[in-house]
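# from the sequence below, what's the structure:
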Amino acid sequence: MPPPPVRGAYFAIMGRSTAPIELQAYLDYACPFCAKIFKTLYQEVIPHYGDNIQFVFKHQVQPWHPQSALMHEAGLAVKQIADTETFFKFSEKLFADQTQFFDANVWNKSRDTITKELIQLAVEISQSNMERFGPRHKRNRACPAGDFLQPYQTSIWISGHLCAGCTDDSSTTFCTGTAFTCMPL
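All right, here's what the predicted structure looks like:
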């Protein structure tokens, strides 16, 4: 049996570790009830308790919604390449826009198309929070997967798409589209 994952590897934590209250929520991006819970926790409960609460967002993928796994992969990628604040902003946006990923709206879309839409959402959120991550510009070079992998130390893949990597200068890049258009975060 493999060892358990490192704390925080598959979930996000907001708040200080010494807070007297730890609130753990198992949430699924494809669940309308989870969206209501997240909105209440994120916008009302957590601000009310401030430094006295630590919020732990645990990913709960619902297997009967195939797109749920894709949505959580995108959330984990944002957490991996950005920071906790950006992850929670992405989660807030994804919950707010979750109906575009409901079964009735994605039944005729390919996994590839859904993934690209999720990556675009992540890029929008990351760009709005990117003062910490460097200049706002879009690189004009195409990044074929093979060439893109070599200079990067760490890479994130979402459903077969290379989505991010950490360059030697510690800047982070998010890639979208078939030609892997690079956008720094």
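# alpha carbons only for contacts and neighbour counts from here, please
Will do.
# neighbours around the residue nearest to residue 29 when sequence neighbours are not counted, how many?
Once flanking residues are discounted, residue 29 sits nearest to residue 95: 6.0 Å by Cα to Cα, 6 or more residues apart in numbering. Neighbour count of residue 95, defined by other Cα atoms under 10 Å: 22.
# distance of residue 37 from residue 43?
Residue 37 sits 10 Å away from residue 43, going by Cα to Cα, to the nearest Å.
# other SSEs contacting the longest helix along the chain?
Ranked by residue count, the top helix of the chain under DSSP state H comes out as helix 111-128. Other elements packing on helix 111-128 under the criterion 3 or more Cα pairs under 8 Å, 6 or more residues apart in numbering; DSSP states H and E are helix 66-81, helix 84-96, strand 172-176.
# columns distance to residue 30 and mean pLDDT on top of these, output as JSON lines?
What follows is the helices and strands packed on helix 111-128, written out as JSON lines (distance: least, Cα to Cα, whole Å; pLDDT from 0 to 100):
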{"stretch": "helix 66-81", "distance to residue 30": "6", "mean pLDDT": "89"}
{"stretch": "helix 84-96", "distance to residue 30": "8", "mean pLDDT": "94"}
{"stretch": "strand 172-176", "distance to residue 30": "22", "mean pLDDT": "40"}
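# so which of the ones you listed is the most surrounded?
strand 172-176 (a mean of 24; mean count of other Cα atoms under 10 Å).
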